[in-house]
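Peer 1: what follows is a protein structure lacking sequence information:
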């Protein structure tokens, strides 16, 4: 049986060592090809996780090699195994030279089986949380917000609408992608533990039901080693004080809001494989035609 709509999530726990992360990514792609996967999707920040904004800028200066090596590895694996696979992966890009902004760019790359980057999306919504007597997380201190809406990409498994992590909390964005023809929505993420346990699954199901799309949620999982490189900061005491942990629980949700594949409870790299049923999606959309029922004369007048 040919699974022409077979997808996989590559779940991992990225460190600050780009080459080690690349090795894991390449191994997961190889395993996915062996399972007849046509598209594998990796989490946000697969290239690295850092301990502060200066560290992120340093590591991002090496991302071009990570990307070029990944492209070469995709070509090599496709040639060796005589099977095609596309790759969606979250990485950082250095600051744009077009504007005076030293912050890195959090982007999602779509790389086809020829190793060609055919789409780049820069994260629009940044996770800035400052709770009184609680956690302070300011993504905008180290990341530059994108300014362009994502594209809907033609893939071997359907039309893919791309987003990143915190974007999942903005239903207007998912609705826009559905209106542009999206059949699949992806949310590569590095969700925090607290928000993960509270909202990860609920948000995924909501976006799937609202938009009658498959929702693919690749997540970073585990405690990240953000000291696994040679960067030194004169302001640091030498004591390893920065801790980062991600929720994981990668999953694929169908257009009826059902989880059809889910990661196991393990911090080890793993594949989450799902066969997408486009007939089910079409049936859901035909039986409940939300787009035609929507009062566009009211909302968009």
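Peer 2: Noted; the coordinates are in hand. If you're wondering where the values come from, they're calculated on a predicted model, not measured in any experiment.
Peer 1: list the contacts for the residue lying closest to residue 27 once chain neighbours are set aside?
Peer 2: For residue 27, ignoring the flanking residues on the chain, the nearest one in space by C-beta to C-beta, 6 or more residues apart in numbering is residue 269 at 7.2 Å. For every residue, glycine as well, the C-beta is placed using N, CA and C. Residues in contact with residue 269 (C-beta atoms under 8 Å, 6 or more residues apart in numbering) are 10, 11, 12, 13, 24, 27, 28.
Peer 1: go with 7 Å
Peer 2: 11, 12, 24, 28 (C-beta atoms under 7 Å, 6 or more residues apart in numbering).
Peer 1: do residue 113 as well
Peer 2: 74, 78, 84, 85, 86.
Peer 1: is it true that residue 219 touches residue 186?
Peer 2: No. Between residue 219 and residue 186 there is no contact under C-beta atoms under 7 Å: 11.3 Å.
Peer 1: so these two - more neighbours on which side?
Peer 2: Higher neighbour count among residue 219 and residue 186: residue 186, with 31 against 26, using other C-beta atoms under 10 Å.
Peer 1: so where is the stretch 1-150 of the chain shaky, pLDDT-wise?
Peer 2: 1-3, 131-136 (pLDDT under 70).
Peer 1: so which residues of it form helices?
Peer 2: 18-34, 53-60, 63-81 (DSSP state H, counting those that start in this stretch).
Peer 1: tell me which of these lies nearest to residue 174.
Peer 2: helix 18-34 (25.6 Å; C-beta to C-beta).
Peer 1: re earlier: which one among the contacts of residue 113 gets closest to residue 191?
Peer 2: Using C-beta to C-beta, the contacts of residue 113 come closest to residue 191 at residue 86, 24.2 Å.
Peer 1: that closest one: how many residues sit nearby?
Peer 2: 24.
Peer 1: need the contact list for it.
Peer 2: Contacts of residue 86 (C-beta under 7 Å, 6+ apart): 38, 39, 110, 111, 112, 113, 155, 156.
Peer 1: which of the residues you listed fall within strands?
Peer 2: Assignment to strands by DSSP state E places the following of the contacts of residue 86 there: 39, 110, 111, 155.
Peer 1: separation between the last one and residue 39?
Peer 2: It refers to residue 155. 5 Å (C-beta to C-beta, to the nearest Å).
Peer 1: ok so, going back, may I have the phi/psi pair for the residue nearest to residue 27?
Peer 2: For residue 269, the backbone dihedrals are phi -60, psi 140 (criterion: degrees, to the nearest 10).
Peer 1: what about it, distance to residue 191?
Peer 2: On the measure of C-beta to C-beta, residue 269 and residue 191 end up 17 Å apart.
Peer 1: next: residue 66.
Peer 2: 22 Å.
Peer 1: comparing these two, which residue is more hemmed in?
Peer 2: Summary of the neighbour comparison: residue 66 and residue 191, criterion other C-beta under 10 Å, with residue 191 having more neighbours (27 against 22).
Peer 1: check whether that one sits in a helix, strand or coil.
Peer 2: At residue 191 the chain is in coil, as set by DSSP: H, G, I helix; E, B strand; the rest coil.
Peer 1: chain neighbours aside, what residue packs nearest to it?
Peer 2: residue 247 (4.2 Å).
Peer 1: confidence score at the one you found?
Peer 2: Here the pLDDT value assigned to residue 247 is 97.
Peer 1: centroid residue for this protein?
Peer 2: A centroid search over the chain (C-alpha atoms, centre = their mean) returns residue 188, at 1.9 Å, as the residue closest to the centre.
Peer 1: hmm, residue 164 and that one touching each other?
Peer 2: Yes. Assessed by C-beta under 7 Å, residue 188 is found in contact with residue 164 at 5.9 Å.
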